[in-house]
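Student: Based on what follows, work out the 3D shape:
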Amino acid sequence: MAELRVGVIGFGGRMGGLMEPMRETGVPFRIAAVADPRAEELKSKKLPILEGTVFHADADAMLAAGGLDGVMIGTRCSLHARMACKVAPLDIPLFLEKPVATGFPDLRMLARAFAGRKAPVVVSHPLRVSPLARRTKELLDSGEFGPVRHIVGFNDVPYGEVYYAGWYRDFSEMGGLFLQKATHDFDYITYLAGSRPKRVCAMKAQGVYGAAGKPPFAGKPFNLKCKDCADRDKCPESPFSGAASMIPEGSRKAWADSRMCMFSPEIRNEDSGNAIVEYESGVQASYTQNFYARHRSARRGARIHCYRGTVEFDWYTNEIRIMRHDRNGVETVGAGGEEAHFGGDIELARDFAAAMRDRRPPRTPIETGIESALLCLHARESADRGECREVVMP
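Tutor: The predicted model follows:
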């Protein structure tokens, strides 16, 4: 089998993390080209996966050089749509990181660019293809519980600090946490509902971080690092405050040099949010996300209600619970998926490898990415304006 030549636009942590799942597919490939403004830094790291890679100043130069069997986009979120539109005319398979766009103009541009295109696009929505979600979908589609009527999704994030203490704190880059986080959850909820979203009503709040912070830790400069803060020895979000710190002990060293103040009033990211979605089929779904959960309070999954039974799953416990309505008791089903993103990353890698090798259609095509981003953007608008929104392209 010939070695596939992959080009990467933006080789950051996410793309680096996908290299092992790509290797696990067993399909021979190499990173033939990279376009990244940090090219010299990447070269200095001497990563084995980048041995022999040609580095380009920008995406245009890399794409003009040609000779690629597929492209992966792992830039910061605000560039996803624009970079994807550069790849669209080339008719080669694409792996596109989520969210596929951070605003309506970019989403419209993306939809136009890929309308009628036949080259497969794999959108990075690993939860949809994780073993737990696929097994749940099989149970629901079996018909033994009746049609899906109601879905309650939940995401209590134990690592929420990354959205306030690192680069994700820049709202202009990532577009808020409906886009950054709920894009995954809206995607799998829509998958389980088996219908298209029709209307959304949402709300969000800053109850802890950013401008909601309380003295003496509030009001800090946006560019202040914990290591330079006068309150570093007593702040609960500091890696230097010992027993007073809420950071898991094993993570404090990793944050020591880079952690930014989470209580700067310039931080715009919400720390909790809720949405109610009505689907065209009549299914109603509610979703809640929280970013100051810690340790054992973490959970991510859903409860799906049908007339003859309720099915519940949680990726953190990695199990499905079945509660039949015609008898008392709970059945527990395991589904595997201990790997990255609950087993979803290896499935995405398989889809992308097959897209390059055989042009096989993926399970998370561009249409699902656009649909999820559209729902996320309308949820954000709903929360900002205090009104329900029809989920249509404006």
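Student: starting at the chain centroid, how far to stretch 262-270?
Tutor: Counting by C-alpha atoms, centre = their mean, to the nearest Å, stretch 262-270 is centred 21 Å from the centre of its parent chain.
Student: Can I get it in PDB, CA atoms only?
Tutor: C-alpha atoms of stretch 262-270 as PDB (Å, rounded to 0.1, in the frame of the first residue of the first chain):
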ATOM      1  CA  MET A 262      -9.100  33.500  35.800                       C
ATOM      2  CA  PHE A 263     -10.700  36.500  37.400                       C
ATOM      3  CA  SER A 264      -9.800  39.200  34.900                       C
ATOM      4  CA  PRO A 265     -13.000  41.200  34.100                       C
ATOM      5  CA  GLU A 266     -11.900  41.100  30.400                       C
ATOM      6  CA  ILE A 267     -12.700  37.300  30.200                       C
ATOM      7  CA  ARG A 268     -16.000  37.000  28.300                       C
ATOM      8  CA  ASN A 269     -16.400  33.200  28.400                       C
ATOM      9  CA  GLU A 270     -19.500  32.000  30.400                       C
END
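Student: contacts for that stretch?
Tutor: 161, 163-165, 168-169, 171, 174, 176-177, 204-206, 209-211, 213, 217-222, 224, 237, 291, 383 (C-beta atoms under 8 Å, 6 or more residues apart in numbering). In short, each C-beta sits where N, CA and C put it, glycine included.
Student: Just the ones of the residues you listed in helices?
Tutor: 163-165, 171, 174, 177, 383 (DSSP state H).
Student: I'd like these as JSON lines, with pLDDT and neighbour count appended.
Tutor: As requested, the ones in helices among the contacts of stretch 262-270 are exported to JSON lines (pLDDT from 0 to 100; neighbours: other C-beta atoms under 10 Å):
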{"residue": "163", "pLDDT": "97", "neighbour count": "23"}
{"residue": "164", "pLDDT": "97", "neighbour count": "24"}
{"residue": "165", "pLDDT": "97", "neighbour count": "22"}
{"residue": "171", "pLDDT": "94", "neighbour count": "17"}
{"residue": "174", "pLDDT": "92", "neighbour count": "20"}
{"residue": "177", "pLDDT": "97", "neighbour count": "25"}
{"residue": "383", "pLDDT": "98", "neighbour count": "22"}
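Student: out of those residues, which one sits closest to residue 232?
Tutor: For the ones in helices among the contacts of stretch 262-270, the minimum distance to residue 232 (C-beta to C-beta) is 13.0 Å, reached by residue 165.
Student: all strands for the stretch 1-150 of the chain, in order.
Tutor: Secondary structure of the stretch 1-150 of the chain (DSSP state E, counting those that start in this stretch): strands at 4-9, 29-35, 54-56, 70-73, 94-96, 121-123, 148-156.
Student: for the ones you listed, which one sits closest to residue 246?
Tutor: Evaluated over the strands of the stretch 1-150 of the chain, closeness to residue 246 peaks at strand 148-156, with 14.8 Å, by C-beta to C-beta.
Student: model confidence over that closest one, on average?
Tutor: Per-residue pLDDT values over strand 148-156 give a mean of 98.
Student: which parts of that strand are buried?
Tutor: The neighbour-count check on strand 148-156 (16 or more other C-beta atoms under 10 Å) flags 148, 151-156 as buried.
Student: which helices and strands does that strand pack with?
Tutor: With contacts defined as 3 or more C-beta pairs under 8 Å, 6 or more residues apart in numbering; DSSP states H and E, the packing partners of strand 148-156 are helix 183-193, strand 284-290, strand 299-306.
Student: helices or strands up against the first one?
Tutor: Using 3+ C-beta pairs under 8 Å, 6+ apart as the contact definition, the elements that helix 183-193 packs against are helix 126-129, helix 131-141, strand 148-156, strand 272-279, strand 284-290, strand 299-306, helix 366-385.
Student: ok so, going back, JSON lines please, covering the buried residues of strand 148-156 and showing distance to residue 388.
Tutor: Shown next, in JSON lines, are the buried residues of strand 148-156 (distance: C-beta to C-beta, whole Å):
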{"residue": "148", "distance to residue 388": "22"}
{"residue": "151", "distance to residue 388": "18"}
{"residue": "152", "distance to residue 388": "19"}
{"residue": "153", "distance to residue 388": "18"}
{"residue": "154", "distance to residue 388": "21"}
{"residue": "155", "distance to residue 388": "22"}
{"residue": "156", "distance to residue 388": "25"}
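Student: What is the most widely separated pair among these?
Tutor: Farthest pair in those, by C-beta to C-beta: 148 and 156, 23.0 Å.
Student: can you list the strands of the stretch 1-150 of the chain in CSV and add distance to residue 259?
Tutor: Putting these into CSV (distance: least, C-beta to C-beta, whole Å) gives the following:
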stretch, distance to residue 259
strand 4-9, 28
strand 29-35, 28
strand 54-56, 30
strand 70-73, 28
strand 94-96, 30
strand 121-123, 31
strand 148-156, 22
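Student: out of these, nearest to residue 344?
Tutor: Closest approach to residue 344 among the strands of the stretch 1-150 of the chain (C-beta to C-beta): strand 121-123, 11.6 Å.
Student: so what strands line up beside the closest one?
Tutor: Applying DSSP bridges to the sheet, strand 121-123 is found paired with strand 94-96 (parallel).
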